[in-house]
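Q: Dropping a prediction and its sequence here:
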Amino acid sequence: LGVRVPPGLPQLTHYRRPDKERMFKRLVKFVKEVRSELKRVSWPSRGEIRGSTTVVIIIVLILAVFIGLVDRALSYLVSFVFG
């Protein structure tokens, strides 16, 4: 008939569960590396954070007013054209 049967899936004979002690050592190594990297970061000062936050809040307020005015104008225009 010419029918071919595909081979079966391979059996996982060499799988073993991860060693808890090895996982704990890897976790400790990871935490040490993270702490080491965080010591190298140049953190902004309190004044820089305060200044950046102020700028962001002012820009958000200005954009909110602008978008509100544009929305109001477009609503009026649409009601004028279709209303």
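A: Yep, it's here.

Q: helices and strands of this protein: which one bottoms out on pLDDT?
A: Least confident helix or strand, the chain: helix 20-40 with a mean of 91, by mean pLDDT, DSSP states H and E.

Q: in whichever helix or strand comes after that helix, what's buried?
A: Using DSSP states H and E, the helix or strand that directly follows helix 20-40 along the chain is helix 46-82. Buried residues in helix 46-82, counting neighbours by 16 or more other CB atoms under 10 Å, are absent. For the C-beta atoms, the positions are set from N, CA and C on the backbone; glycine is no exception.

Q: quick one: low-confidence ranges for this protein?
A: 1, 12-18 (pLDDT under 70).

Q: how about 50 then?
A: Within the chain, not a single segment meets pLDDT under 50.

Q: send the alpha carbons of the least confident helix or strand of the chain over as CSV?
A: What follows is helix 20-40, C-alpha atoms only, in CSV (Å, rounded to 0.1, in the frame of the first residue of the first chain):
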residue,chain,number,x,y,z
LYS,A,20,18.1,21.3,45.4
GLU,A,21,21.5,22.2,46.8
ARG,A,22,22.8,23.1,43.3
MET,A,23,19.7,25.3,42.7
PHE,A,24,20.2,27.0,46.1
LYS,A,25,23.9,27.8,45.2
ARG,A,26,22.8,29.2,41.8
LEU,A,27,20.2,31.4,43.6
VAL,A,28,22.8,32.7,46.1
LYS,A,29,25.3,33.4,43.2
PHE,A,30,22.5,35.3,41.3
VAL,A,31,21.7,37.5,44.3
LYS,A,32,25.4,38.3,44.9
GLU,A,33,25.8,39.3,41.2
VAL,A,34,22.7,41.5,41.4
ARG,A,35,24.0,43.3,44.5
SER,A,36,27.3,43.7,42.8
GLU,A,37,25.7,45.3,39.8
LEU,A,38,23.5,47.6,41.9
LYS,A,39,26.6,49.0,43.6
ARG,A,40,27.8,50.2,40.2
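
Q: Can you give the distance from that helix to the centre of its chain?
A: 22 Å (CA atoms, centre = their mean, to the nearest Å).
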